[in-house]
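Student: Quick check, what structure comes out for this input:
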Amino acid sequence: MANIYVTRKIPEAGISLLKEAGHDVDISDKDGVLTKEELIKALKEKEYDAVLCLLTDKIDTEIYEAAGNAKIFANYAVGYGNLDMDEAKKRGITVTNTPGVLTDTVSEYAMALILAVVKRIPEGDKFTKELRYDGWAPELLLGSDLKGKTLGVLGAGRIGSSVAIRAKRGFEMNIVYYDIKPNKILEGEIEAEYKDSVDEVLKIADVVTIHVPLLDSTRHLINKERLAMMKPTAYLINTSRGPVVDEKALVEALNNGIIHGAGLDVFEDEPNLAHGLPELTNAVITPHIASATRETRGKMSEIAATNIIDFLDGKEPPNKV
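Tutor: Coordinates of the predicted model:
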């Protein structure tokens, strides 16, 4: 039997797997993210063999030190930028994630954000609920069509490719994309056109959707200068990582008509929002819920648990980073 600490309540499916495997599982009872001090204190209360952490947990040297006996940190997320990977390697700690399961869910959500902002659905909902609707009018809340428009995809991995396919097949959009290398499968499947730079994509796309990991090279990938490259009629969609977009610059661009609208599910300093962002009528903002379906969040829980179980059984975890 091993001792496992879970930093926040997650769907029961994974917890049940851990318990059925004979392990002792402790789960934080705090309704929210543990502070660094709270997490250190919790990890020192028992000799834990594994930690199941979340993207909201910043795992650094002090956390690894507090969980001195734990040789696996299973991240309940696709990304793992919240963990100090160099320190984990130095200490011989295995880090795992939960890839693959999010692809369809997040790509569906990215399309939902595109539709919401382009068709002005939240504005229409608010307008109607405020009882301001007094009858059909030819120019009431005019939006845009997607058919024949160009979708620019930044990052043509699993999720970016899935969004591109949905946009092409479902809405007959033209697809251009940038990644560190061409995606020949995507090009063959939907005639997506590879561009040599982010700038090229920004200049021609009517809608830009971001699907890159958070790295030093992608922090503020979208900044003031690049926003100015976009069409004044264009929309920016971000379901990847908040710091990829300079949020202050985005607010300025939306206020000044540099671009037409934005759909954001992630933010630069979550859960805080840049000054002025909540007041913008041309921005649809949601609380990091792109993967929030019962099916997906439950499966993430199972994958994280399986990573731990296999590791503790002496096997290679299926999703070792």
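Student: tell me the domain boundaries of this protein?
Tutor: 3-99+294-312, 103-285 (automatic domain parsing).
Student: Make a markdown table out of those and add distance to residue 319, mean pLDDT and mean neighbour count.
Tutor: Every residue, glycine included, has its C-beta placed from N, CA and C. Conversion of the domains of the chain to a markdown table gives the following (distance: least, Cβ to Cβ, whole Å; pLDDT from 0 to 100; neighbours: other Cβ atoms under 10 Å):
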| stretch | distance to residue 319 | mean pLDDT | mean neighbour count |
| --- | --- | --- | --- |
| domain 3-99+294-312 | 5 | 97 | 18 |
| domain 103-285 | 14 | 97 | 18 |
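Student: Can you redo the ones you listed as JSON lines, where the extra columns are distance to residue 321?
Tutor: Formatted as JSON lines, these follow (distance: least, Cβ to Cβ, whole Å):
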{"stretch": "domain 3-99+294-312", "distance to residue 321": "5"}
{"stretch": "domain 103-285", "distance to residue 321": "12"}
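Student: mind listing the helices for the chain?
Tutor: Along the chain, the segments classed as helices by DSSP state H run 12-20, 36-44, 61-66, 85-91, 103-118, 121-129, 158-171, 184-190, 198-204, 224-229, 247-255, 294-312.
Student: Quick check: which helices or strands does the last one pack against?
Tutor: Going back to what we said before, that points to helix 294-312. On a contact count with 3 or more Cβ pairs under 8 Å, 6 or more residues apart in numbering; DSSP states H and E, helix 294-312 meets helix 12-20, strand 50-54, strand 72-76, strand 94-96.
Student: quick one: which of these is nearest residue 253?
Tutor: Evaluated over those, closeness to residue 253 peaks at strand 50-54, with 31.3 Å, by Cβ to Cβ.
Student: Could you list every helix and strand in contact with that closest one?
Tutor: strand 3-6, strand 72-76, helix 294-312.
Student: Figure out how far it is from the centre of its chain.
Tutor: With Cα atoms, centre = their mean, to the nearest Å as the basis, strand 50-54 stands 19 Å off its chain's centre.
Student: Now do it against strand 72-76, angle only.
Tutor: Here strand 50-54 points in a direction 30 degrees away from that of strand 72-76 (axes from the mean of the first three to the mean of the last three Cα atoms, to 10 degrees).
Student: mind listing what strand 50-54 pairs with, with the direction of each?
Tutor: If you go by DSSP bridges, strand 50-54 pairs up with strand 3-6 (parallel), strand 72-76 (parallel).
Student: Could you dump these into a markdown table and include distance to residue 99?
Tutor: Listed next are these as a markdown table, based on distance: least, Cβ to Cβ, whole Å:
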| stretch | distance to residue 99 |
| --- | --- |
| strand 3-6 | 20 |
| strand 72-76 | 10 |
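Student: Pretty sure residue 110 sits against residue 210.
Tutor: No. The criterion here is Cβ atoms under 8 Å, and residue 110 misses it with residue 210 at 9.0 Å.
Student: Overlap in contacts, those two.
Tutor: Residues touching both residue 110 and residue 210 (Cβ atoms under 8 Å, 6 or more residues apart in numbering) are 237, 239.
Student: For residue 310, which of the strands paired with strand 50-54 is the nearest?
Tutor: That would be strand 72-76 among the strands paired with strand 50-54, by Cβ to Cβ, at 9.5 Å.
Student: Run through who's touching the closest one.
Tutor: 10, 49-55, 59, 67, 82-83, 88, 93-98, 300-301, 304-305, 307-308, 311-312, 317, 321.
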